[in-house]
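Engineer: Prediction below, plus the sequence it came from.
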Amino acid sequence: MRKLLVFLPFIVFIGLGSVLYKQLGTNPEYMPSALIGKPVPDFKLVSLQTDTVQDQTSLPKQAYLLNFWATWCPTCEMEHAYLRTLAKQGIPIVGIDYKDDKHKAQQWLATRGNPYQWVLTDELGKFGVDMGVTGAPETFVVNSKGIIVYRYQGALDDRVWQEMKGYLK
Amino acid sequence: MKLIKLACLMMAFLLSSYSFADTLMTFSSELNQTRFQSLAKELRCPKCQNQDLADSQAGIAKDLRIQIHEMIEQGKTDQEIVDYMVARYGDFVLYRPKYSAATSILWVGPAAFLIIGLVVFAGVVYRNKKRRAGKAL
C-alpha cells in the first residue's frame, strides 16, 4: 500500500500524459454540432434554379446530404469535383448557396457542373445560423426520417466520405 | 496643409472601417446597448479558438452580433438570446458553461484537487510531527 502511494504521482503523470498525448494532432477547431439528433429547422428559401420559395416539403424523402457552399469559398471549389462524383453515384445532395451572389452562383454551376438536386439560396446566412454553420463548406447528413445525424466542416473527400456514408440511411 | 488634410481623411477612413459593423447598429435605449455589449462579450465566436463575439472579425461573428442586436431590439431577454445561441452552436459558445455531467469536472475539479492536496499536505505534516515527537521521546 505504501509502495503504491510512492508511485502515485508517477501513475498520475502517466495517466495525464497519455490523455494529453492522445489529444495531440486532433483538430482543435472541431466542434460537435448542436443539431445532431434534431430535425432540419424550418426555412423558407428561394431556389436558385426556379426562383420559387421552397420549404421543408421540397427536401428529399430519402436520406441526403445538405451542403453549404459559396462562390467566395476556395475550399468549396476544391470540394466541387468530389460532390460531382457523389452525385454520379446517385447520392442526393441539396445545396445551400450560403451568403452569396445569385448570378455568380448560377454561373459557377453552369461552368463547373451541378451536383445538386436542389440549390436554395441563403443570402443573409439566416438559415446557416439556424443550422449552426460557421462557414463554408459544411455538409450535413440527413437520414430518411429527416433527422440530422452527421456534420462535417471542411471539404469532402474519400477519407471523409468513408465515415460519412455510414450515416446516410 | 494639404498633406495634413489628406492624412486626417485617411485616419478617418481607417477608424470608420474598424467601427463599421457597430456604427450601423442603433439601439432604442442605453440599456439595450449595454446588454448587447455584455452579451457579445459573454458568447464565444464559434469559428474562433478563443475570442468572444465582440472581439472577432470572423464573418460568422458579425452575423451573430447582428442577430443579437435584432433580438434585443425585439425585446427578447438575455436568457432567450443565450438559449437561441446554445440551441444552434452548443455549449461551446458559452464562456461560463452550464453545470452538467459533461462539464462537472470543470466546476468541481479545481475544488476537489485543492481538497485532495490539503488532505495530503495535512497528512504529511501530521505524520512528520508524530515522528519527531517519537524521536524526541
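Structural biologist: Done, it's in. Just so it is clear, the model here is predicted, and its values are computed rather than measured.
Engineer: Tell me which other helices or strands the host helix or strand of residue A:119 touches.
Structural biologist: Assessed by DSSP states H and E, residue A:119 sits inside strand A:118-122. Secondary structure elements in contact with strand A:118-122, counted by 3 or more C-beta pairs under 8 Å, 6 or more residues apart in numbering or on different chains; DSSP states H and E, are strand A:45-47, strand A:93-98, helix A:102-112. C-beta here means a position set from N, CA and C on the backbone, and glycine is covered the same way.
Engineer: Now do the same contact list for residue B:39.
Structural biologist: By C-beta atoms under 8 Å, 6 or more residues apart in numbering or on different chains, the residues touching residue B:39 are B:53, B:68, B:72, B:78, B:81-82.
Engineer: Which of those fall in helices?
Structural biologist: Among the contacts of residue B:39, the ones falling in helices (DSSP state H) are B:68, B:72, B:78, B:81-82.
Engineer: For the chain, which element, helix or strand, carries the lowest mean pLDDT?
Structural biologist: Picking chain A for this. Least confident helix or strand, chain A: helix A:2-23 with a mean of 88, by mean pLDDT, DSSP states H and E.
Engineer: ah, no, chain B please
Structural biologist: In chain B, the helix or strand scored least confidently by mean pLDDT, DSSP H and E is helix B:20-23, which has a mean of 51.
Engineer: next helix or strand past that helix?
Structural biologist: Next in line after helix B:20-23, if elements are assigned by DSSP H and E, sits helix B:30-42.
Engineer: Off-centre distance for that following helix?
Structural biologist: The chain centroid and the centroid of helix B:30-42 are separated by 13 Å under C-alpha atoms, centre = their mean, to the nearest Å.
Engineer: hang on, the earlier thing: can you give the contact residues for the strand holding residue A:119?
Structural biologist: Contacts of strand A:118-122 (C-beta under 8 Å, 6+ apart): A:43, A:45-49, A:54, A:58-59, A:68, A:94-100, A:102, A:105, A:109, A:127-128.
Engineer: If we check chain B, which of those residues are in contact?
Structural biologist: A:99, A:128 (C-beta under 8 Å from any C-beta of the partner chain).
Engineer: Out of the contacts of strand A:118-122, which end up buried?
Structural biologist: The neighbour-count test (16 or more other C-beta atoms under 10 Å in any protein chain shown) marks A:43, A:45-46, A:48, A:54, A:58-59, A:68, A:94-100, A:105, A:109, A:127-128 as buried among those.
Engineer: so the residue most central in space within chain A, which of the three states?
Structural biologist: Closest residue to the average C-alpha location of chain A: residue A:139 at 1.9 Å, with C-alpha atoms, centre = their mean. At residue A:139 the chain is in strand, as set by DSSP: H, G, I helix; E, B strand; the rest coil.
Engineer: What sits closest to residue A:64 if chain neighbours are left out?
Structural biologist: Distance criterion C-beta to C-beta, 6 or more residues apart in numbering or on different chains; nearest residue to residue A:64, sequence neighbours excluded, is residue A:92 at 4.0 Å.
Engineer: Which neighbouring residues are in contact with that neighbour, exactly?
Structural biologist: A:60, A:62-65, A:117 are the contacts of residue A:92 under C-beta under 8 Å, 6+ apart.
Engineer: one more time with 7 Å, if that's ok
Structural biologist: The contact partners of residue A:92, by C-beta atoms under 7 Å, 6 or more residues apart in numbering or on different chains, come to A:60, A:62, A:64, A:117.
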